[in-house]
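A.B. asks: Compute the structure for the input listed below.
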Amino acid sequence: MSDFTGKVVVITGAGSGIGRALALNLAREGARLALSDVDTGGLAETVRQAKALGAEVKDDHLDVTQREAVLAYADAVVAYFGKVNQVYNNAGIAYHGEFEKSEFKDFERVMDVDFWGVVNGTKAFLPHLIASGDGHVVNISSLFGLLSMPGQSAYNSAKFAVRGFTESLRQEMLIAEHPVKVTCVHPGGIKTAIARNATAGPGEDLATFAEFFDKKLARTTPEDAAKTIVSGVRRSKPRVLIGLDAKALDGWVRLVGPGYQRIVAILAARVMPKSSAK
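C.D. replies: Below is the predicted model of the structure:
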């Protein structure tokens with residue numbers, strides 16, 4: 001028996017990457033899984049693997065930007081399992097592009113999925129987590145929720161917002177003495193398809209950027225990321241940093257302060273793929 005045996009766990013974005021790795025990790029821990037994604041093919045493969053590990057699984061197509069659908073989904077999960085103990089708001093997308101050249105719709109799309117998707121999932125499930133008497137909200141931010149990068153203004157905005165929202169929520173749960181723990185997760189470079197599946201602004205060479213991310217920045221496997229997250233949840237940690245890059249850069253930013261911005265700008269101008277737009 002593990003800490004997760006019999007717990008009802010909700011994971012969004014479970015069709016690949018960290019979401020799939022979390023699902024399989026928690027399946028081995030004996031959790032009962034409610035898995036969702038917009039990618040039904042990827043989700044089906046995750047479900048197949050989780051069931052092969054003996055997990056009870058409810059799987060659903062879910063667009064986390066559709067608030068009414070998320071609210072209805074929460075009710076459906078509770079109707080199916082009778083309770084919900086943990087929610088991992090993991091679904092996310094990426095966008096690479098200079099703010100000056102980006103359109104409002106580019107920014108809005110990232111905010112809708114990466115921030116509002118987290119808010120929607122948290123709001124929909126929070127009453128059920130409180131009612132469980134043993135609730136836990138796990139929201140996936142990013143290393144880019146701890147420091148900013150040029151070309152990532154939309155993603156930075158969403159992930160900084162997730163961090164602020166999650167930390168405030170934790171404080172509210174403490175004040176209200178609700179039986180709900182709250183964890184904010186900050187992955188560094190993870191070996192997933194997020195960069196390859198990203199969209200890009202005018203003049204950006206997305207293929208070159210994705211190759212740069214995969215070869216230079218992605219150091220941690222989704223499986224190792226999932227292990228770190230589950231360990232952090234088990235210990236009720238308010239913040240989980242994933243990867244040596246996240247830990248080192250978080251410490252560096254704390255040490256240097258706002259001066260890090262100029263240093264990053266100089267380094268990025270030298271090493272990051274250049275935009276062809278003028």
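A.B. asks: my guess is Lys181 is in a strand, correct?
C.D. replies: Yes: under DSSP: H, G, I helix; E, B strand; the rest coil, Lys181 sits within a strand.
A.B. asks: ok, and the helix or strand in the chain with the lowest average confidence?
C.D. replies: helix 206-212 (a mean of 56; mean pLDDT, DSSP states H and E).
A.B. asks: I'd like the next helix or strand past that one.
C.D. replies: helix 222-234 (DSSP states H and E).
A.B. asks: Skip the chain neighbours and tell me the closest residue to Met173.
C.D. replies: Leaving aside its sequence neighbours, Met173 sits nearest to Val180 (Cβ to Cβ, 6 or more residues apart in numbering; 4.8 Å). Glycine gets a C-beta too; all of them are placed from N, C-alpha and C.
A.B. asks: Please list all residues in contact with that neighbour.
C.D. replies: Contacts for Val180 (Cβ atoms under 8 Å, 6 or more residues apart in numbering) come out as 126, 129-130, 135-137, 173.
A.B. asks: what about the stretch 1-150 of the chain, any weak spots by pLDDT?
C.D. replies: For the stretch 1-150 of the chain, the stretches with pLDDT under 70 are 1.
A.B. asks: try the stretch 151-278 of the chain
C.D. replies: The stretch 151-278 of the chain contains residues with pLDDT under 70 at 193-198, 200-218, 273-278.
A.B. asks: Would you map the strands across it?
C.D. replies: 180-187, 199-200, 239-242 (DSSP state E, counting those that start in this stretch).
A.B. asks: Direction included, what does the last one pair against?
C.D. replies: Using DSSP bridges, strand 239-242 pairs in its sheet with strand 180-187 (parallel).
A.B. asks: Dump the strands of the stretch 151-278 of the chain to a markdown table, plus distance to Val233.
C.D. replies: Output for these, formatted as a markdown table (distance: least, Cβ to Cβ, whole Å):
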| stretch | distance to Val233 |
| --- | --- |
| strand 180-187 | 6 |
| strand 199-200 | 31 |
| strand 239-242 | 8 |
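A.B. asks: Out of these, which is closest to Gln66?
C.D. replies: strand 199-200 (19.3 Å; Cβ to Cβ).
A.B. asks: could you dump the longest helix seen in the chain to CSV, C-alpha only?
C.D. replies: Counting residues, the longest helix found in the chain (DSSP state H) is helix 153-176. Extracted as CSV, the C-alpha positions of helix 153-176 are listed here (Å, rounded to 0.1, in the frame of the first residue of the first chain):
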residue,chain,number,x,y,z
SER,A,153,6.6,36.8,-23.2
ALA,A,154,3.3,35.0,-23.6
TYR,A,155,4.6,31.8,-22.0
ASN,A,156,6.3,33.7,-19.2
SER,A,157,3.1,35.6,-18.6
ALA,A,158,1.1,32.5,-18.2
LYS,A,159,3.6,30.6,-16.1
PHE,A,160,4.3,33.5,-13.8
ALA,A,161,0.5,33.9,-13.4
VAL,A,162,0.2,30.2,-12.5
ARG,A,163,2.8,30.6,-9.9
GLY,A,164,1.1,33.7,-8.3
PHE,A,165,-2.3,32.1,-8.5
THR,A,166,-1.1,28.8,-6.9
GLU,A,167,0.8,30.5,-4.1
SER,A,168,-2.2,32.7,-3.3
LEU,A,169,-4.5,29.7,-3.3
ARG,A,170,-2.2,27.8,-0.9
GLN,A,171,-2.4,30.8,1.5
GLU,A,172,-6.2,30.9,1.3
MET,A,173,-6.4,27.1,2.0
LEU,A,174,-4.2,27.6,5.1
ILE,A,175,-6.3,30.5,6.4
ALA,A,176,-9.6,28.7,5.8
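A.B. asks: Show me what that helix is packed up against.
C.D. replies: If contacts are counted by 3 or more Cβ pairs under 8 Å, 6 or more residues apart in numbering; DSSP states H and E, helix 153-176 sits against strand 95-96, helix 104-110, helix 117-132, strand 135-140, strand 180-187.
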